[in-house]
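Asks: coords below, sequence missing:
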Ligand code: GLN
Ligand code: ZN
């Protein structure tokens, strides 16, 4: 039998049981014992699902409170000393304090897990870090599974990936010097698994799919040589991209098998086959662990049948990566249209697909004829459904010409027209879009959704909120106003619900971080905009004021990035469809008299591929999609974009190539680093570096913001500077928002005076020609991306 297995299963539970249990525990409403019982119930259920689906082994050890990297940190005992916790006697409350902070200590850092929207807790290591062992929870989970009589295959993140993903607060500290100690800890863990009679251990090394420096590549040799005699067999798992360039070397490591991602990187198969040792297992990741589409089982069989013929029992079948990144089960989707539902496979359904594949390999396709027929039928319906393919969209897309992604004139012409039209003061002040989402606003939206209030009452209440926001902004003296986004729960969902080609699940939750889950919408078909989405709102908001009102839209790349995307056409193609839909909206806003339009792209950076070699191609289509959405307007209409919570310095040329008239950008993580980047690169258009961090209720002082602005003036010509917070304000309350914005306006006004009075300062909002920009990739691989605290995504 071809073995089947998964690299991990979603742990939150089909009804987000883990989330609710954790949050109740945090509120002090339940005991540690009760929370542990919920965890145990979920583990048992998920193992049973794997066993019932006929998988050869069940994955254990993939469960985690909050996060698997934090789990590994506590298993190794490598807690940051600043918390003062005893690793071996850690309580769950202390564990959560590591992740969430406590009265004395800020939380450990969190960042994105490779290019997923899952966030892990970054190990915090230095020369004194100890790896003497900590909690027994990992082993307890394994024992639990063994006690159920299940064929247990533990899963662990590997030592090199663990270290690679860690950080040190000590400048210049070489984390690799810790490798011998870390590996020693793994030796102990593996021998304890061996003592339990465990045969195979899956050891995840997704860092092998990154561009690793030579010393880190060497680290694999050292680490795995030291683990060779642990007594267990190791399945070295790579995923999310290709590891083919390391295949020859990795194949010589003293491990017993390799898992590779054949969904993301099918091209790597031949390279691995060429070097696969004669006794080694190849675990083929053939079911998409990152997306929700039902697999094309015949196509997969065509790939794996020859492999099975060649490798026999040494071929294992698996999803491409842990199923952590997809929702638990379609069972919870009762309202999804039956046709669309038949196209989908969540984690539980993917288990069944694996079993079908294995059965077909061993007993022939006839043995699973009904399953294959069902998959064929779903595929055929998906291919031919009129809901997927829309000839008009296709025609329109085919007719897109290069000039449609070009504004009529270059920036230096446009900006003159815009300045004439907008008549803004120097250092204009604005905000990023959303204003506090008060309980009243949330209740209004919920009441409307439930049908408790009608469309008219809803509209009136929302308009009341918009009016309130406008009045407050006028009182504050802001220059370019926003309507406040009271009608939006989530910046992707709001638009997705109004676009054709998008579907929404009821319970398609995916863990984002800790207890937070997101429910990404599903792009299943050609996207188009049946009617204007924001024009009435914008027109109403503009009618309330003489100041320019910004129209607020979500950009095509962010729409794409935060959705489950169709797999039957390239992402670039879907992005272009989204771009056309947004372009229509941009043009309609302009026609309605809106003179400033912001197209948010907070997720542009996070779409960057893992391999730098792939960056240029991605940036090319991503930037083109943005430009296509933005370029239908006249010169005097000012296009803004906004980005946040990512490292931008490595993609500055691409950001410039977006050619937005103004970019507002988060700087709070490292104001100077970002500004220096923009200064050194000589960013050609206007820019509003965020002058305060909206994630804190702390009201920044006038002088703090003035200092930041003065520093900004040193690297960016003041005539091209804007003044704004670093992200939307929806998570804040009104009192601190008003206080902070009042200070921000004061800082801008004071600086205007200073600059105007400075002898020799040529103070005019003059323009300069935009630099010719090529797409170039920088050098960062180890980057944080749009953070969980970003206000764009509703995580519940
Ligand atoms: N306009 C959005 C807001 O202000 C932008 C959110 C984001 O950057 N993620 O909420
Ligand atoms: Zn933002």
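Replies: That came through fine. Treat the numbers as computed from the prediction; the structure is a model and nothing was measured. Ligands and ions are numbered 1, 2, ... in the order given.

Asks: From the structure, what's the count of residues near the closest residue to residue 562 other than its chain neighbours?
Replies: Once flanking residues are discounted, residue 562 sits nearest to residue 492: 4.6 Å by CB to CB, 6 or more residues apart in numbering. (Each C-beta comes from the backbone N, C-alpha and C, glycine too.) When neighbours are defined as other CB atoms under 10 Å, residue 492 has 25 of them.

Asks: could you say which helix or strand contains residue 259?
Replies: Using DSSP states H and E, residue 259 sits within strand 257-261.

Asks: again with residue 640
Replies: Assessed by DSSP H and E, residue 640 sits inside strand 638-643.

Asks: hang on, residue 111 in a helix?
Replies: No: secondary structure of residue 111 (DSSP: H, G, I helix; E, B strand; the rest coil): strand, not part of a helix.

Asks: rewinding a little: list the helices and strands the helix or strand that the strand holding residue 259 is followed by packs on?
Replies: For strand 257-261, the following helix or strand on the C-terminal side (DSSP H and E) is helix 269-275. Applying 3 or more CB pairs under 8 Å, 6 or more residues apart in numbering; DSSP states H and E, we find helix 269-275 packed against helix 244-250, strand 257-261, strand 281-287, helix 297-311.

Asks: Dump the ones you listed to a markdown table, plus mean pLDDT, mean neighbour count and distance to residue 365.
Replies: A markdown table is the format used below for these (pLDDT from 0 to 100; neighbours: other CB atoms under 10 Å; distance: least, CB to CB, whole Å):
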| stretch | mean pLDDT | mean neighbour count | distance to residue 365 |
| --- | --- | --- | --- |
| helix 244-250 | 95 | 18 | 30 |
| strand 257-261 | 98 | 26 | 24 |
| strand 281-287 | 98 | 25 | 16 |
| helix 297-311 | 97 | 16 | 7 |
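
Asks: I'd like these written out as TSV, with distance to residue 154 added.
Replies: Below are these laid out as TSV (distance: least, CB to CB, whole Å):
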stretch	distance to residue 154
helix 244-250	21
strand 257-261	14
strand 281-287	15
helix 297-311	23
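
Asks: Which residues are in contact with residue 390?
Replies: Contacts for residue 390 were tallied using CB atoms under 8 Å, 6 or more residues apart in numbering; they are 500-501, 525-526, 528.

Asks: which SSE is the residue of the chain found nearest ligand 1 in?
Replies: Across the chain, no residue is closer to ligand 1 than residue 728, which sits at 1.9 Å (CB to the nearest ligand atom). Residue 728 belongs to no helix or strand when elements are defined using DSSP H and E.

Asks: wait, what's in contact with the nearest residue to residue 219 once chain neighbours are set aside?
Replies: Excluding its sequence neighbours, the residue lying closest to residue 219 (CB to CB, 6+ apart) is residue 160, at 4.9 Å. Listed by CB under 8 Å, 6+ apart, the contact partners of residue 160 are 179, 205, 207, 216, 219-220, 223.

Asks: Specify which member of these is nearest to residue 100.
Replies: residue 207 (26.2 Å; CB to CB).

Asks: give me the number of residues near the closest one?
Replies: Neighbour count for residue 207, taken as other CB under 10 Å: 26.

Asks: re the thing from before, for the residue nearest to residue 562, give its distance to ligand 2.
Replies: Taking CB to the ion, to the nearest Å as the measure, residue 492 and ligand 2 are separated by 13 Å.

Asks: thought that residue was touching residue 557?
Replies: No: using CB atoms under 8 Å, residue 492 is not in contact with residue 557; the gap is 11.1 Å.

Asks: how much space between residue 342 and ligand 2?
Replies: 37 Å.

Asks: wait, that residue sits on residue 381?
Replies: Yes: Residue 342 is within contact range of residue 381, at 6.6 Å (criterion: CB under 8 Å).

Asks: Those two - which one has more neighbours?
Replies: residue 342 (18 against 15).

Asks: residue contacts, that one?
Replies: With CB under 8 Å, 6+ apart, residue 342 has these contacts: 294, 377-378, 381.

Asks: same deal with residue 92?
Replies: Residue 92 makes contacts with 25, 32, 35-36, 65, as judged by CB under 8 Å, 6+ apart.

Asks: try it again with 10 Å
Replies: Residue 92 makes contact with 22, 25, 31-33, 35-36, 39, 65-66, 135, 137, according to CB atoms under 10 Å, 6 or more residues apart in numbering.

Asks: Closest one of these to ligand 2?
Replies: Each of these was checked against ligand 2 using CB to the ion; the closest is residue 66, at 24.5 Å.

Asks: can you give me phi and psi for that closest one?
Replies: When read as degrees, to the nearest 10, the backbone of residue 66 gives phi 70, psi -60.

Asks: count of neighbours near the closest residue to ligand 2 within the stretch 551-700 of the chain?
Replies: Using CB to the ion, the point where the stretch 551-700 of the chain gets nearest to ligand 2 is residue 644, with a distance of 3.1 Å. Using other CB under 10 Å, the number of residues around residue 644 comes to 28.

Asks: right, and the helices and strands packed on helix 269-275 - which one's nearest ligand 2?
Replies: The closest of the helices and strands packed on helix 269-275 to ligand 2 is strand 257-261. By CB to the ion, the value is 30.7 Å.

Asks: Provide the strand pairings for the closest one, with the direction of each partner.
Replies: strand 233-237 (parallel), strand 281-287 (parallel) (DSSP bridges).

Asks: Of the ones you listed, which is nearest residue 592?
Replies: strand 281-287 (46.9 Å).

Asks: Isn't residue 353 up against residue 345?
Replies: Yes: assessed by CB atoms under 10 Å, residue 353 is found in contact with residue 345 at 6.1 Å.

Asks: quick one: common contacting residues for those two?
Replies: By CB under 10 Å, 6+ apart, the residues touching both residue 353 and residue 345 are 287-288, 294-295, 375.

Asks: for those residues, which one is nearest residue 172?
Replies: Out of these, the member with the shortest distance to residue 172 (by CB to CB) is residue 288, at 40.9 Å.

Asks: Excluding covalently adjacent residues, which one is nearest to that closest one?
Replies: Distances taken as CB to CB, 6+ apart place residue 263 nearest to residue 288, at 4.6 Å, with adjacent residues excluded.

Asks: Could you report the neighbour count for that neighbour?
Replies: Neighbours of residue 263 (other CB under 10 Å): 21.

Asks: same question, residue 337
Replies: If we define neighbours as other CB under 10 Å, then residue 337 has 12 of them.

Asks: for the nearest residue to it once chain neighbours are set aside, which residues make a bridge with it?
Replies: Leaving out its chain neighbours, the residue that sits closest to residue 337 by CB to CB, 6+ apart is residue 503, at 7.5 Å. Applying DSSP bridges to residue 503 gives these bridge partners: residue 522.

Asks: Would you confirm that residue 503 contacts residue 523?
Replies: Yes: here residue 503 reaches residue 523: they are 8.1 Å apart, a contact under CB under 10 Å.

Asks: Quick check: neighbours shared by the two?
Replies: In contact with both residue 503 and residue 523: 496, 563-564, using CB under 10 Å, 6+ apart.

Asks: just how off-centre is the lowest-mean-pLDDT helix or strand in the chain within its chain?
Replies: Ranking every helix and strand in the chain by mean pLDDT, DSSP states H and E puts helix 671-681 at the bottom, with a mean of 81. Remark: helix 671-681 is offset 24 Å from the chain centroid, using CA atoms, centre = their mean, to the nearest Å.

Asks: Show residues contacting it.
Replies: 647-653, 655-656, 663, 665-668, 670, 683, 687, 689-691, 693, 707-708, 711-717, 726, 771, 773, 778.

Asks: Filter the residues you listed down to just the ones in strands.
Replies: 663, 665, 687, 689 (DSSP state E).

Asks: In CSV, list these along with neighbour count, distance to ligand 1 and pLDDT.
Replies: CSV is the format used below for the ones in strands among the contacts of helix 671-681 (neighbours: other CB atoms under 10 Å; distance: CB to the nearest ligand atom, whole Å; pLDDT from 0 to 100):
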residue, neighbour count, distance to ligand 1, pLDDT
663, 24, 12, 96
665, 25, 10, 91
687, 21, 15, 95
689, 25, 14, 92
